[in-house]
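Engineer: Sequence first, then the predicted structure, then my questions.
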Amino acid sequence: MSNCFILLAAGKGKRFKSNSPKQFINYLNKPLFMHSVNKAIESKLFKAIIIVSNVPLKNIKNKSIKVIRGGRERHNSSQKALKFIKKMNFKNVFIHDAARPNFSIKLLKRLNSNLKKNRAVVPFLKTENSTKYKINNKIQNLDRNNLLLTQTPQCFDFKTLYNLSKLNKKNVTDEASIFLNNNQKIKFIKGEENNFKITIQSDLKKINPQSYYGIGFDIHRLIKNKKLYLGGSKIPFHSGLQGHSDGDVILHAVIDGLLGAMRKKDIGTLFPSNKMKFKNIRSPNMLTPILRILDKNGYNINNLDINLICENPKVSKYRNKIITSLSNLLNINKDQINLKGKTVEKLGLIGKEKAIACEAIVSLNYYA
Ligand code: ZN
């Protein structure tokens, strides 16, 4: 495999009417361009991902991702990216517009398998609209059966595209146009209805998510000489939580809530307590594979609500610290998380400060 994925995110999006360029707005709970980046990563088809952007991008930690500046028009950006990767010797290159966040990983794989026998593969849709064409103020009928609406991602043999693109002087809106202008053959494959381009504000509402909910509950005994971790953050206290792991009741309840909403069993099935390799595991490390399952299956966290049940420590004192930690670990905004403290009138083990319990409810959005 020697594929590179180029994501064009340098457009100004004049028709979108927003303060920030549309490719960076929050769309279905993450920056719009990240939908494409995540799918490219998840597909495992690419050695490198190049994001072409005129806005500096923070929080990109993946080593296979490079961010470069774009050009004046789309085709200038594409040309710059192709030049940038020239020395990397990729066999194939995929080019995609960040304004199309809803393509499927299946489409990437179909493109890739068609590229084995072709030097250019482009997805397209037919139109149901009757179509007309205007030349010199004269409007003519077009047979819609002969009309192809092309989408991205489009993929190409790198060398062929590089050489054609270098010579191209026309202001083209996709790479397929360059191939056609040079009488080069393209394999057209069926595109996807959901893979529409986000051009105007109302396009953002075209996809309605399904909601799923999950609950989680956990309790651990408090013991001396152990550090207390709640929601991934260290809390000063006279005792810590006993357990196979660090005993972080908040993260354990949240993990079970997430698994519940995805209908994927429970934390004990994923991390059996009789397995030595999970002994003393820090709970944030237990969260990482859960978040991968979430991403891979097209779920996003909508919100979570947590009850921490204990006499002490006082939730009001550490609320902000715990919520900040959770928002960093879960990669969501702080205002998507609520944390409530609940005491038990000094009753039982919890009332005597010998245990801490937690319950969490999670709501997920699922985009098919
Ligand atoms: Zn636990």
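Structural biologist: On my side now, so go ahead. Predicted model, so just to flag it, every value in this text is computed and none were measured. Numbering: from 1, shown residues only.
Engineer: only C-alpha atoms for contact and neighbour calcs from this point on.
Structural biologist: Fine.
Engineer: In the stretch 51-200 of the chain, what residue spans correspond to helices?
Structural biologist: Secondary structure of the stretch 51-200 of the chain (DSSP state H, counting those that start in this stretch): helices located at 74-85, 105-114, 158-167, 175-181.
Engineer: Can you tell me which of these is nearest to residue 325?
Structural biologist: helix 105-114 (31.3 Å; Cα to Cα).
Engineer: CA atoms only for that closest one, dumped as CSV, please.
Structural biologist: Provided in CSV are the C-alpha atoms of helix 105-114 (Å, rounded to 0.1, in the frame of the first residue of the first chain):
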residue,chain,number,x,y,z
ILE,A,105,-15.1,4.3,4.6
LYS,A,106,-16.7,1.7,2.2
LEU,A,107,-16.5,4.3,-0.6
LEU,A,108,-12.8,4.8,0.1
LYS,A,109,-12.3,1.0,-0.1
ARG,A,110,-14.2,0.8,-3.4
LEU,A,111,-12.2,3.6,-4.9
ASN,A,112,-9.0,1.9,-3.8
SER,A,113,-9.9,-1.5,-5.3
ASN,A,114,-10.9,0.1,-8.6
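Engineer: circling back to that earlier point, right, and the helices of the stretch 51-200 of the chain - which one's nearest residue 246?
Structural biologist: Nearest to residue 246 among the helices of the stretch 51-200 of the chain is helix 105-114 (36.4 Å), distances taken as Cα to Cα.
Engineer: related to what we said a few turns ago, pick the most buried one from the helices of the stretch 51-200 of the chain.
Structural biologist: Highest mean neighbour count among the helices of the stretch 51-200 of the chain (mean count of other Cα atoms under 10 Å): helix 74-85, with a mean of 20.
Engineer: So which elements touch it?
Structural biologist: Judged by 3 or more Cα pairs under 8 Å, 6 or more residues apart in numbering; DSSP states H and E, the packing partners of helix 74-85 are strand 3-8, strand 48-52, helix 158-167.
Engineer: about what we covered before: tell me which of the helices of the stretch 51-200 of the chain lies nearest to residue 290.
Structural biologist: helix 105-114 (19.6 Å).
Engineer: List the contacts of the longest strand that the chain contains.
Structural biologist: In the chain, assigned by DSSP state E, the strand with the most residues is strand 210-223. With contacts defined as Cα atoms under 8 Å, 6 or more residues apart in numbering, strand 210-223 is touched by 239-243, 247, 249-250, 252-262, 353-367.
Engineer: rewinding a little: could you export the helices of the stretch 51-200 of the chain to a markdown table, including columns for mean pLDDT?
Structural biologist: Output for these, formatted as a markdown table (pLDDT from 0 to 100):
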| stretch | mean pLDDT |
| --- | --- |
| helix 74-85 | 96 |
| helix 105-114 | 97 |
| helix 158-167 | 96 |
| helix 175-181 | 96 |
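Engineer: In PyMOL, how would I select just the buried ones from the contacts of strand 210-223?
Structural biologist: To isolate the buried ones among the contacts of strand 210-223 in PyMOL, judged by 16 or more other Cα atoms under 10 Å, type:
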select buried, resi 239+240+241+242+243+247+249+250+252+253+254+255+256+257+258+259+260+261+262+353+354+355+356+357+358+359+360+361+362+363+364+365+366
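Engineer: Among the contacts of strand 210-223, which lie within strands?
Structural biologist: Short answer: those in strands (DSSP E) are 240-241, 355-366.
Engineer: picking up where we left off before, reformat the helices and strands packed on helix 74-85 as CSV; add distance to residue 287.
Structural biologist: Output for those, formatted as CSV (distance: least, Cα to Cα, whole Å):
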stretch, distance to residue 287
strand 3-8, 28
strand 48-52, 26
helix 158-167, 39
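Engineer: For stretch 126-142, measure first residue to last.
Structural biologist: Taking Cα to Cα, to the nearest Å, the first and last residues of stretch 126-142 lie 13 Å apart.
Engineer: Oops, could you answer that again for stretch 254-269 instead?
Structural biologist: 15 Å.
Engineer: swap in stretch 11-28?
Structural biologist: Using Cα to Cα, the end-to-end distance of stretch 11-28 comes out at 20 Å.
Engineer: Check the chain for its longest helix and report it.
Structural biologist: Of all the segments of type helix in the chain, defined by DSSP state H, the longest one is helix 315-330.
Engineer: No more questions from me, cheers.
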